[in-house]
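>>> sequence first, then the predicted structure, then my questions.
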Amino acid sequence: MFELQRKTSVCFTGHRNIMEHLHSTSSVVAELKVILTDLCDRGFTNFLCGMAIGFDMIAGEVVIDLQREYPHINLIAVVPCKEQARNFSRMDKNRYARLLSLAKSVVYTSENYEIGCMHKRNRYLVDNSSVCIAYLFQFSGGTFYTYNYANMNDLEVIKVNPKEARF
């Protein structure tokens, strides 16, 4: 049975939309690879992904790609409810299913969709990590909440594309 250890775990939080007018998806992927390579070299092995469209799935795919160089690292899918992907496009449902199938572990923080299940997932991500990687450019929503929660809980917070993000 897989046991998650906070001291070697990293979580992701980010918006669904990549701000293409500021930076391309490929630049986000390239920066994530640099950040994750550094974290792997520092001994981090577990990468908790909230499995949302956008930054979450991009981060999950980067973790899977890095497993070629770091076969000991794990993608942990932290899912707010079993029907999370119900309204995803066909393409996003396929990406989601692929990531779930490649994850070392899948954690459902709620059985069914209910008010607050996304916050519950976001708190789980932070409560089980010591580092948070954030792609944040809005001062509202779940990403902003998770970013603040990570800071309040003394996680090391690493911002993706901090030159463009205004905090």
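Arrived safely. Predicted model only: the values in this text are computed from it and were never measured. Numbers count the residues shown, from 1 in each chain.

>>> residues contacting the closest residue to Gly141 other than its chain neighbours?
Beyond its immediate neighbours in the sequence, the residue positioned closest to Gly141 (Cβ to Cβ, 6 or more residues apart in numbering) is His15, lying 7.4 Å away. In this view, the C-beta of every residue, glycine as well, is placed from N, C-alpha and C. Under the criterion of Cβ atoms under 8 Å, 6 or more residues apart in numbering, the contact partners of His15 comprise 54-55, 135-138, 141, 143.

>>> going by distance to Ile158, which of the residues you listed wins?
Using Cβ to Cβ, Tyr135 is the member of those that sits closest to Ile158, with 10.1 Å.

>>> report the beta-bridge partners for the closest one.
Gly14 (DSSP bridges).

>>> my read: it touches Val160, true?
Yes: taking contacts as Cβ atoms under 8 Å, Tyr135 lies within contact range of Val160: 4.4 Å.

>>> hey, what's in contact with both of the two?
A shared contact of Tyr135 and Val160, defined by Cβ under 8 Å, 6+ apart, is any residue touching both; here these are 14, 28, 55.

>>> ok, and what's touching the longest helix along the chain?
Counting by DSSP state H, the longest helix found in the chain is helix 25-41. Residues from elsewhere that reach helix 25-41 (Cβ under 8 Å, 6+ apart): 10, 18, 47, 55, 58-59, 62-63, 65-66, 69-70, 73, 131, 133, 135, 158, 160-161.

>>> let me see the contact set for the residue nearest the centre of the chain.
In the chain, the residue lying closest to the centroid (Cα atoms, centre = their mean) is Phe12, at 2.8 Å. Applying Cβ under 8 Å, 6+ apart, one finds that Phe12 lies in contact with 47-50, 55-56, 59-60, 125, 132-135.

>>> which of those residues fall in strands?
If you go by DSSP state E, the contacts of Phe12 have 47-49, 132-135 in strands.

>>> next, Asn122: secondary structure please.
Per DSSP: H, G, I helix; E, B strand; the rest coil, the secondary structure class of Asn122 is helix.

>>> all further residue positions should be reported with the first residue as 21.
OK, 21 is where the count begins now, so the last one is Asn142.

>>> right, and Cys101 touches Val127 too?
No: if you go by Cβ under 8 Å, Cys101 and Val127 don't touch, sitting 11.5 Å apart.

>>> and Pro100, how close does it get to Asn66?
When distance is defined by Cβ to Cβ, to the nearest Å, Pro100 is 19 Å away from Asn66.
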